[in-house]
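> Sharing a sequence plus its predicted fold:
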Protein chains: 2
Amino acid sequence: MTEQQRRPTLMDVARAAGVSRALVSIVMRGAAGASEPTRQKVLEAARELGYRPDSRARLLRSSRTKLLGLSFSSSQPFHAEIVDAAYAAASKKGYEIVLSAVANGRPETRAIEALLDFGSEALILISPTLSSQEMARYASQVPVVSLLRNDVGELVDSVSSDDHAGIRIAVDHLTTLGHRRIVHVDGGTAVSAAQRREAFRTEMIRHGLEPVTVPGGPNEEDGLRAGQSLTGDVPSAVIAFNDRAALGVIESLRATGLQVPRDVSVLGYDDSQFARLSYVQLSSISQDAPLLAAAAVDRAVDRIEGTQPPAHLVRTPHLVLRKTTGHPAPQMQP
Amino acid sequence: MTEQQRRPTLMDVARAAGVSRALVSIVMRGAAGASEPTRQKVLEAARELGYRPDSRARLLRSSRTKLLGLSFSSSQPFHAEIVDAAYAAASKKGYEIVLSAVANGRPETRAIEALLDFGSEALILISPTLSSQEMARYASQVPVVSLLRNDVGELVDSVSSDDHAGIRIAVDHLTTLGHRRIVHVDGGTAVSAAQRREAFRTEMIRHGLEPVTVPGGPNEEDGLRAGQSLTGDVPSAVIAFNDRAALGVIESLRATGLQVPRDVSVLGYDDSQFARLSYVQLSSISQDAPLLAAAAVDRAVDRIEGTQPPAHLVRTPHLVLRKTTGHPAPQMQP
DNA sequence: TGGAGCGACTAGAACGATCTAGTCGCAAAC
DNA sequence: GTTTGCGACTAGATCGTTCTAGTCGCTCCA
């Protein structure tokens, strides 16, 4: 086993190239102050030795780490999409992302402390569940950006999606198709559920329609149960809290012999991978993960590099039309 | 903005407690060599100042980092389950996990180098796509454990699931129920697909049955297509490459008016979150993510702390019985 | 009485980088 | 011919820890 070969340091490269450590440092981080010939010579020596700068030492010395800490929940597919996009956005800005998952038996505070220990210059927290006070405490150390949640107090940035606008788009879409009897299967106690429920009420009333809401939740089981509760008085369209609940609703309709969208239109929320499945083809309200991620990264970097105060950014979602919404079935009027 | 308050260091705590830096260091890492009264005094001072050790400095100085690097793919829900379990397993062993995602436009090598830069003492790679040579190169620097893939050469550890055994369990289960006409919807070019295909052939022949395989793939669309190709000659049971493909197969059967499991039994593979959904209730072969994760972490730690050579660990999967498999429908024999 | 042994504590050198404050030539300016 | 300025390069301090090699005071035992 040749495992114990110490990795080369600046000193080794310097010796090999016949210059000082400081000069190698200058070359390695592309700073000014080295002639082109020596620069090449140093680079060559570094390549030959397989030198890679030790980030710990580098970070220890320079106050800058160019690291953005990102906490996400390992059980949320939608978070994964954001992580994906955040990497791209960060590297475009010259930053690295360091991840920490909120998992079973690993609370959010633990994830955050790990990020701080690595020297993150800012934190991006996806759907944080901390109280505003706790977040403020972290915000006194580094800029904190809350993603997908905006009631986070004055000291924390937030990038979120306009729930009211999303529901408005949903209601407008369905009424334009001719639907009048629209039901909202809500998200129960989930984050954003209250906002969407309230928005639904407002928008339905605006259209002169009766806002009927049935209790639901954030996943398939909840949607299934909610759908079953509708069987006595089936509406012509359903707006679900999210895509997973929508799938449950569709399943329950199917079980009673109803077809989507022929008999009932169903609209999801999130435009997640589930919605895109070819056999589902769920029409959905998209929050656009890549856009949200990029916005959060931009905010974080701006806060790090600038002196601006925290801001609350709200993005407007949009409709992704697939195959679960259509004109209502012709039907007797009471 | 009170943002620029330097975080307290060992020195600050030492001054506050009236002792030397070294002693504070001893207390903070719980080492021997401090009396109980001073230990309390130091701890108190640290708590008061809100001291948190700077991991970069700590890691720089001590050769040990107690860090395990874990690379995963952000688009694979099954990987998320492993990440979850790995955190638990690592902290039980006194190690921390540092994550790096393989994402769109972020190749595996990039993810790995990030892990090394953070000072990972070992790498755990989930379903790595690197060549054996490339992995060997990394293995010369730190122990590398490949998870879910075992053809990785002599220098790399692997922890994988016994595909042959999994398929054997599947075939045995179905034949025991009385099925004779069993079809395998394979995984196409996906990792492990060839092994499972071959195992299916062997096992069916062992039972004196004809091994019929139809081309599939790793997700719903593939299953759907494969299912549609069966309509001329519907088997009594299907073993899908994985759960997502199984979902597609079920969908295609439904579309032709067939019921699961009354008319056709369908068995998935992975026992993923999809399989567990209440409206799916898919019987499946479980690879047991928590167990695999724990095994990988254990291997990594053993390699770091011991002098053992790399090993290839294989775990036997097991059947998780739900509601998509049952006795075959009574049927005319030709 | 004079070590030996031990527990509690400390000074100062690492670790591997960056940063500050230079030195050293050399050409242009006066 | 001295001064000035500038580009190229370097020595040494520094970041916040851990580690090594002590010192100091005390007890125990021959």
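Yep, that arrived.

> got a list of what the residue nearest to A:A17 when sequence neighbours are not counted touches?
What sits nearest to A:A17 in space, not counting adjacent residues and going by C-beta to C-beta, 6 or more residues apart in numbering or on different chains, is A:A45, at 4.0 Å. From N, CA and C alone the C-beta is placed, and that goes for glycine too. A:A45 makes contact with A:V13, A:A16, A:A17, A:Y51, according to C-beta atoms under 8 Å, 6 or more residues apart in numbering or on different chains.

> Is A:A240 bridged to anything, and to what?
Legend: beta-bridge partners of A:A240 under DSSP bridges are A:V185.

> Go ahead and confirm it touches A:S265.
No - counting by C-beta atoms under 8 Å, A:A240 stays clear of A:S265, with 11.1 Å between them.

> With neighbour numbers in mind, choose between these two.
A count of neighbours by other C-beta atoms under 10 Å in any protein chain shown puts A:A240 above the other of A:A240 and A:S265, at 31 against 25.

> Is DNA strand C within reach of the one helix or strand the residue nearest to A:A17 maps to?
Assigned by DSSP states H and E, A:A45 belongs to helix A:36-49. No - counting by C-beta under 7 Å from any atom of the strand, DNA strand C is not contacted by helix A:36-49; separation bottoms out at 9.9 Å.

> thinking again about what came up before, quick one: the residue nearest to A:A17 from A:A34, how far?
13 Å (C-beta to C-beta, to the nearest Å).

> do A:G268 as well
A:G268 is 57 Å from A:A34, where distance means C-beta to C-beta.

> coming back round to it: select from the contacts of A:A45 the one having the most neighbours.
Neighbour counts for the contacts of A:A45 (other C-beta under 10 Å) peak at A:V13, which has 26 neighbours.

> helix/strand/coil for A:S71?
For A:S71, the assignment made with DSSP: H, G, I helix; E, B strand; the rest coil gives strand.

> How about the contacts made by whatever residue of the stretch 151-300 of chain A ends up closest to DNA strand D?
When scored by C-beta to the nearest atom of the strand, the stretch 151-300 of chain A has A:A300 as its residue closest to DNA strand D, at 22.5 Å. A:A300 makes contacts with A:L68, A:A122, A:L123, A:I124, A:P143, A:V145, A:D157, as judged by C-beta under 8 Å, 6+ apart.

> which residues pair with the last one across the strands?
What it means is A:D157. On the basis of DSSP bridges, A:D157 is bridged to A:V145.

> per-residue pLDDT, A:A255?
On pLDDT, A:A255 comes in at 89.

> just so I have it, where are all the helices in the stretch 1-150 of chain A?
A:10-17, A:21-28, A:36-49, A:55-61, A:77-92, A:108-117, A:132-139 (DSSP state H, counting those that start in this stretch).

> Pick the most buried one from those helices.
Highest mean neighbour count among the helices of the stretch 1-150 of chain A (mean count of other C-beta atoms under 10 Å in any protein chain shown): helix A:77-92, with a mean of 22.

> residues from chain A in reach of DNA strand C?
Near DNA strand C, when you scan chain A using C-beta under 7 Å from any atom of the strand, you find A:6, A:9-11, A:21-22, A:25, A:28-29, A:31, A:51, A:53-54, A:57-58, A:60-64.

> what residues are up against the residue nearest to the spatial centre of chain A?
With distances taken as C-alpha atoms, centre = their mean, A:I82 lies nearest the centre of chain A, 4.0 Å away. By C-beta under 8 Å, 6+ apart, A:I82 lies in contact with A:F72, A:I126, A:L147, A:A289, A:L292, A:A293.

> ok, now A:S161?
Contacts of A:S161 by C-beta under 8 Å, 6+ apart are A:L148, A:Q287, A:D288, A:L292, A:V314, A:R315, A:T316, A:P317.

> Mind putting the contacts of A:A45 into JSON lines with pLDDT and distance to B:L99?
Shown next, in JSON lines, are the contacts of A:A45 (pLDDT from 0 to 100; distance: C-beta to C-beta, whole Å):
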{"residue": "A:V13", "pLDDT": "94", "distance to B:L99": "30"}
{"residue": "A:A16", "pLDDT": "93", "distance to B:L99": "34"}
{"residue": "A:A17", "pLDDT": "92", "distance to B:L99": "35"}
{"residue": "A:Y51", "pLDDT": "90", "distance to B:L99": "25"}
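
> which one among those gets closest to DNA strand D?
Distance to DNA strand D, by C-beta to the nearest atom of the strand, is smallest for A:A17 among the contacts of A:A45, at 8.6 Å.

> Pick out the shakiest of the helices of the stretch 1-150 of chain A, pLDDT-wise.
Minimum mean pLDDT among the helices of the stretch 1-150 of chain A: helix A:55-61, a mean of 85.

> who touches that helix?
Contacts of helix A:55-61 (C-beta under 8 Å, 6+ apart): A:T65, A:L67, A:G119, B:D54, B:R56, B:A57, B:L59, B:L60, B:D117, B:F118, B:G119.

> Okay, the first one and B:Y51: tell me how far apart.
Pointing back at A:T65 there. Counting by C-beta to C-beta - A:T65 and B:Y51 are separated by 20 Å.

> Next: the third one.
Counting by C-beta to C-beta, the gap from A:G119 to B:Y51 is 16 Å.

> Quick one: work out the angle between the helix holding A:A45 and helix A:10-17.
Interaxial angle, helix A:36-49 versus helix A:10-17 (axes from the mean of the first three to the mean of the last three C-alpha atoms, to 10 degrees): 120 degrees.

> and helix A:36-49, does that touch DNA strand D?
Yes - looking at helix A:36-49 against DNA strand D by C-beta under 7 Å from any atom of the strand, the contacts come from A:P37, A:T38.

> What is the distance between that helix and the centre of its chain?
41 Å (C-alpha atoms, centre = their mean, to the nearest Å).

> now stretch A:138-154
Taking mean C-alpha positions (C-alpha atoms, centre = their mean), stretch A:138-154 and its chain are 14 Å apart.
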